[in-house]
Structures are given as structure tokens and as C-alpha cells.
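1. prediction below, plus the sequence it came from.
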Amino acid sequence: MRLVLAHQNPIRRAKLSARFERVDRLDLLAVACNLTELYTAVEHLVPDVVLLSREMASAPEFEVMRALFSALHVACILLEGDNDVRPVSPLTDGLPSLNEAADAEELVVGVRAAASRPLPRFGREGTVRLPVTEATMPAEPRSRTPTFRDGAIVLIGASTGGVDALLTVLGQFPVSCPPTFVVQHTGGRFVSSLISLLDRSVAAKVTAATDGEEARIGHIYLAPGDQAHLALSQKGKLITALDPGAHYSGHRPSVDVLFRSAVPRGRRVAAALLTGMGRDGAVGLKALSAAGAETIVQDEATSVVYGMPRVAWEMGAARQKLPIDRIGPALLAACAVTTSRVGH
């Protein structure tokens with residue numbers, strides 16, 4: 001059984017590493033001291049099981065890690081010490097745990113049990129979607145390729161639980177999708193990892209937005225970190241802007257900033273606010289709706305945290321409330337030449 005170990009405590013990490021190396025039936029491939037090292041190890045080595053401390057798994061950035069595990073079919077076990085604090089986090093729901101003091105036989109049994117069952121998905125009724133690869137991606141017949149209106153764009157905002165939600169929504173987009181702009185509340189250090197994960201999992205090209213770039217069809221642009229807001233030019237060519245302004249709605253980048261920047265484009269916009277804590281994006285979504293945009297929120301049943309979508313829905317900002325697997329088609333339908341809408 002191929003393993004990768006991750007622990008933030010150097011003494012405990014060294015002890016665990018020594019113990020795992022002494023167990024003949026377990027092959028320890030790599031040891032990581034933080035989530036960045038862990039992401040690199042998992043992406044390149046693709047172990048059967050990852051064992052990491054519960055504390056590391058409780059960090060917001062772990063959401064990207066968990067999505068990577070799911071995409072690569074890697075099992076995950078949380079390591080716990082007898083005196084560890086066990087923080088409550090939706091990021092660790094459903095994951096098996098193992099005491100760090102377990103003997104060799106308990107380690108083997110625990111690892112094999114974790115490897116034998118799939119990683120639990122986020123949400124309560126989330127749709128499982130396998131990553132898109134060149135081998136698994138179906139051909140896009142010309143007769144079925146949707147025709148999108150000139151100037152149509154898609155905006156998406158998300159927070160807690162958003163990585164898995166984005167994989168579902170963007171995984172339904174064709175190679176020639178409208179220019180799409182995404183703000184996902186993720187730790188700044190992990191944005192490049194998120195972009196890499198999305199790009200390998202969906203048909204369109206996923207990239208970090210740059211200041212002054214003209215947006216293109218078939219491209220999905222993410223805010224590149226936590227040092228600037230992602231916004232759009234308000235008239236003329238569709239140009240991305242990175243605004244290093246203060247936090248807005250408690251965040252940088254802020255969904256509200258992105259949404260409000262697109263208000264002048266009105267009916268050419270289709271926007272969705274996905275799972276997340278707080279209220280970022282609700283006011284901007286309402287402004288877009290008033291300008292004639294198609295506005296959608298994720299429903300409670302498939303949200304990991306029904307915060308941002310709830311606030312937007314209760315203030316009348318959204319025209320539709322849909323489960324996560326219907327949001328992608330609804331956004332595309334809103335951008336298509338036809339006037340039909342998905343979800344009504």
C-alpha cells in the first residue's frame with residue numbers, strides 16, 4: 001500500500017515516518033510538512049492513501065486537497081493524538097481517523113479499510129463528476145456545439161465547498177464556452193494549485209486572470225490570489241482588471257466586486273453564487289439581476305454551507321435556485337442564442 005504522510009509538527013512527523021517505514025506492508029513514498037508540499041507529492045506520486053493531521057485538514061486550503069484526492073481516487077486518513085483538539089470543520093466530514101499511537105497491525109488495517117472505500121463527497125446531494133481527460137472527454141459534435149450570443153459572459157462566486165461545486169459546474173462547459181470569470185475564496189498560496197486542478201479536470205482552458213488581458217472564448221479566468229480583486233472593464237472590449245483595493249464584503253478577492261463590475265453589461269451576463277459562508281456576492285448578484293442578467297444560486301440541499309446563496313435568495317437577487325448539477329446547463333442556456341432557459 002503506497003502512502004504519503006503529512007504533519008505540521010516536526011517531532012511527531014519524524015516519529016510517524018519512522019514507524020511507517022518499519023511496517024513491511026506499507027510503502028511510505030513521501031513526507032510533507034505543509035499542504036503545499038502535500039499537494040505536490042500527491043499530484044506527482046498518486047499514492048493509494050494519504051495520512052495527515054486533523055489540524056492540517058482543518059485549514060481552508062484543504063478543500064483544494066480534498067478535491068485533488070477525489071479526482072485521483074486517493075484515500076485519506078486523519079491522524080489524531082490523544083490530547084489533540086478536534087476542530088469541527090465541513091472539510092473533514094466523513095473522513096476516517098486513526099490514532100497516532102496505533103500499533104503496526106492497526107495501522108495496516110486502518111490504511112486498507114480507507115483504501116477500500118471511495119472518498120466521501122462534499123455536500124448532501126452533490127453530483128459525482130469524474131475529471132475530464134483527453135481519454136475520457138467525449139468529442140464535441142459540431143451539430144451539438146451550442147452557439148453563444150456575442151458578448152455573453154459567465155460569472156461565478158463561491159466559498160466553502162466551492163472547489164467541488166466548481167468541478168461540477170465547469171465540468172459541464174464545452175471547450176468553446178463563453179468567457180467565464182470565477183472568484184473562489186481560497187488561501188492565496190493555493191490558487192495556482194486550484195487552477196491546475198480545474199484545468200486538468202474540465203474541457204475549457206482554466207487560467208489565472210492578468211491585469212489588462214482581453215478575455216477569450218473557451219477560457220475560464222480565476223482571481224490569481226488574495227492581493228487584488230478581479231473585475232471587468234465596464235464598456236468596450238472585455239478586459240480583466242486586478243484591483244489591489246481594500247477588502248470588500250470581508251474578502252479580497254470579493255465576489256461582490258466582480259459582480260458589480262459587470263453590471264453595465266446587463267443582459268449579456270449569466271451569474272451564479274455557489275455554496276459558501278457569509279454574504280459576499282449577494283449584493284452584487286442583486287445589482288446584476290436588476291440590470292437584466294440571468295442570476296442563479298445553489299440550493300440548500302447541495303450546498304456545503306448555505307450562507308451566500310441563502311442571503312442572495314432571501315433578498316430577491318436570484319431568478320433561479322438550482323441543485324449544483326443543473327447550474328452549469330442553466331448558465332450555458334442563458335448565454336445561448338436561443339431564448340430558452342434551463343431550470344424553470
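-> That came in fine, so what should we check first?

2. tell me the SS of T207?
-> For T207, the assignment made with DSSP: H, G, I helix; E, B strand; the rest coil gives strand.

3. and L16, what is it in contact with?
-> L16 makes contact with L5, H7, L51, L79, E100 under the criterion CB atoms under 8 Å, 6 or more residues apart in numbering. For glycine as for every other residue, the C-beta is placed from the backbone atoms N, C-alpha and C.

4. and R22, how far from L107?
-> 10 Å (CB to CB, to the nearest Å).

5. neighbour-wise, which of the two wins?
-> L107 (23 against 10; other CB atoms under 10 Å).

6. which ones are touching that one?
-> Counting by CB under 8 Å, 6+ apart, L107 touches R19, F20, V23, L26, L98.

7. isn't there a helix covering it?
-> Yes - counting by three-state DSSP, L107 falls inside a helix.

8. from I153, how far out is it?
-> With CB to CB as the criterion, L107 and I153 are 51 Å apart.

9. now A59, nearest residue through space, not along the chain?
-> Excluding its sequence neighbours, the residue lying closest to A59 (CB to CB, 6 or more residues apart in numbering) is L35, at 6.4 Å.

10. how about Q227, secondary structure?
-> Assignment for Q227 (three-state DSSP): coil.

11. and it, how close does it get to P244?
-> Distance, Q227 to P244, using CB to CB: 6 Å.

12. what does T160 give?
-> Between T160 and P244 the computed distance is 25 Å (CB to CB).

13. more crowded one of the two?
-> Under the criterion of other CB under 10 Å, the comparison of T160 against P244 puts T160 first, with 23 against 9.

14. neighbours of the residue nearest to that one when sequence neighbours are not counted, just the number please.
-> Nearest residue to T160, sequence neighbours excluded (CB to CB, 6+ apart): V305, at 4.5 Å. Per other CB under 10 Å, the neighbour tally for V305 reads 19.

15. hmm, V305 is touching D93, no?
-> No - taking contacts as CB atoms under 8 Å, V305 lies outside contact range of D93: 11.4 Å.

16. the helix or strand where V64 lies: what's the following helix or strand?
-> Secondary-structure assignment from DSSP states H and E places V64 in helix 62-72. Where DSSP H and E defines the elements, the next helix or strand beyond helix 62-72 is strand 75-80.

17. residues touching that following strand, excluding its own?
-> Contacts with strand 75-80, where a contact means CB under 8 Å, 6+ apart, come from 7, 16, 48-54, 57, 66, 69, 86, 92, 95-100, 110-111, 114-115, 117, 119.

18. tell me what angle that strand forms with helix 62-72.
-> Per axes from the mean of the first three to the mean of the last three CA atoms, to 10 degrees, the angle that strand 75-80 makes with helix 62-72 is 140 degrees.

19. quick one: buried residues of stretch 285-298?
-> By 16 or more other CB atoms under 10 Å, the buried positions in stretch 285-298 come out as L285, K286, A287, L288, S289, A291, A293, E294, T295, I296, V297, Q298.

20. before we move on, what SS does R189 have?
-> helix.

21. likewise for A271?
-> Judged by three-state DSSP, the three-state class of A271 is strand.

22. ok, it touching I156?
-> Yes - in this structure A271 lies within contact range of I156 using CB under 8 Å: 7.2 Å.

23. show me the strands in the stretch 101-250 of the chain, by range?
-> 153-158, 180-184, 205-208, 219-222, 229-232, 240-243 (DSSP state E, counting those that start in this stretch).

24. my read: E21 touches D27, true?
-> No - taking contacts as CB under 8 Å, E21 lies outside contact range of D27: 9.2 Å.

25. quick check: the spatially most central residue of the chain vs Q234, distance?
-> Centroid-nearest residue in the chain, with CA atoms, centre = their mean: V163, separated by 1.2 Å. Between V163 and Q234 the computed distance is 29 Å (CB to CB).
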